[in-house]
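Undergrad: Please work out how this folds:
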Amino acid sequence: MLDNNILNMHGNYYTVPNAILSLGLSPGAVTTYNYLSFRECRKRGDKDHYTCYPSYKTIGEAIGRSARSVYNYVQELVEAGLILTEPTKVTTADGMRWNGNLKYTLLDPQRAVDLYHERQLARNGAHLEAGTRKKRKAMKKAEAKRERKQKPHDEYVAERSAHVPEELPF
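TA: Numbers count the residues shown, from 1 in each chain. Predicted structure coming up:
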């Protein structure tokens, strides 16, 4: 469950743009985005504005999914153009350097919406082009069929009956 101290730190609400629901994201990706929005730094002028650093495990515990599922949701959000991820390094007290959690930066959702629409147009254009090619091919085939002259029925019958097979010797 979410810690009440965290809730009080940011107030009792946060906003998520409506556009997030129109991008065709999986429910897990939407939930992950909501959690990242909840955790982001909201201090104006702070160098970490729009960023947060939760681990996959922390996100997974908050949304009820495995760390591997969270990884997939994060990749989906990156692909959609909603977030950027950057690796971080941590130096321990004894001077050892370790990989830290990812730094998540929430991007302008309007860019993600624009990217989504561009992809949709490109996909629909490809479908239209494929459909147009099929239609052109079918039209050529129909035209070639019309151009072929069929023999009149009487001529066809006469040609077929004129041919008498050879008799085979016994």
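
Undergrad: which helices and strands does the longest helix belonging to the chain pack with?
TA: Across the chain, the longest stretch assigned as helix under DSSP state H is helix 109-147. Where contact means 3 or more C-beta pairs under 8 Å, 6 or more residues apart in numbering; DSSP states H and E, helix 109-147 is packed against helix 67-80. C-betas here are computed from N, CA, C, even on glycine.

Undergrad: Give me the secondary structure label for residue 98.
TA: Here residue 98 is strand, with the state taken from DSSP: H, G, I helix; E, B strand; the rest coil.

Undergrad: give the contact list for the nearest residue to it once chain neighbours are set aside.
TA: Leaving aside its chain neighbours, residue 98 sits nearest to residue 90 (5.0 Å; criterion: C-beta to C-beta, 6 or more residues apart in numbering). Residues near residue 90 by C-beta atoms under 8 Å, 6 or more residues apart in numbering: 97, 98, 99, 100.

Undergrad: lowest confidence element among the helices and strands of the protein?
TA: For the chain, using mean pLDDT, DSSP states H and E, the weakest element among its helices and strands is helix 4-10, scoring a mean of 48.

Undergrad: which among the contacts of residue 90 end up buried?
TA: Neighbour-count burial (16 or more other C-beta atoms under 10 Å) applied to the contacts of residue 90 gives no buried members.

Undergrad: just to revisit the earlier point, just the buried residues of the helix or strand just after the least confident helix or strand of the chain, please?
TA: Proceeding N to C from helix 4-10, the next assigned helix or strand is helix 27-39, under DSSP states H and E. Neighbour counts using 16+ other C-beta under 10 Å place 28, 29, 30, 31, 32, 33, 35, 36, 37, 38, 39 of helix 27-39 among the buried residues.

Undergrad: which other residues reach helix 27-39?
TA: Counting by C-beta under 8 Å, 6+ apart, 2, 6, 10, 14-16, 20-21, 25, 52, 54, 59, 62-63, 65, 69-70, 72-74, 76-77, 80, 82-83, 104, 106 sit against helix 27-39.

Undergrad: ok so, going back, now do the longest helix of the chain: distance to the chain's middle.
TA: 19 Å (C-alpha atoms, centre = their mean, to the nearest Å).

Undergrad: Pass me the low-pLDDT residue ranges in the chain, would you?
TA: 1-12, 43-48, 126-131, 145-151, 156-157, 160-170 (pLDDT under 70).

Undergrad: Now do the same for residue 95: helix, strand or coil?
TA: Applying three-state DSSP: residue 95 is coil.
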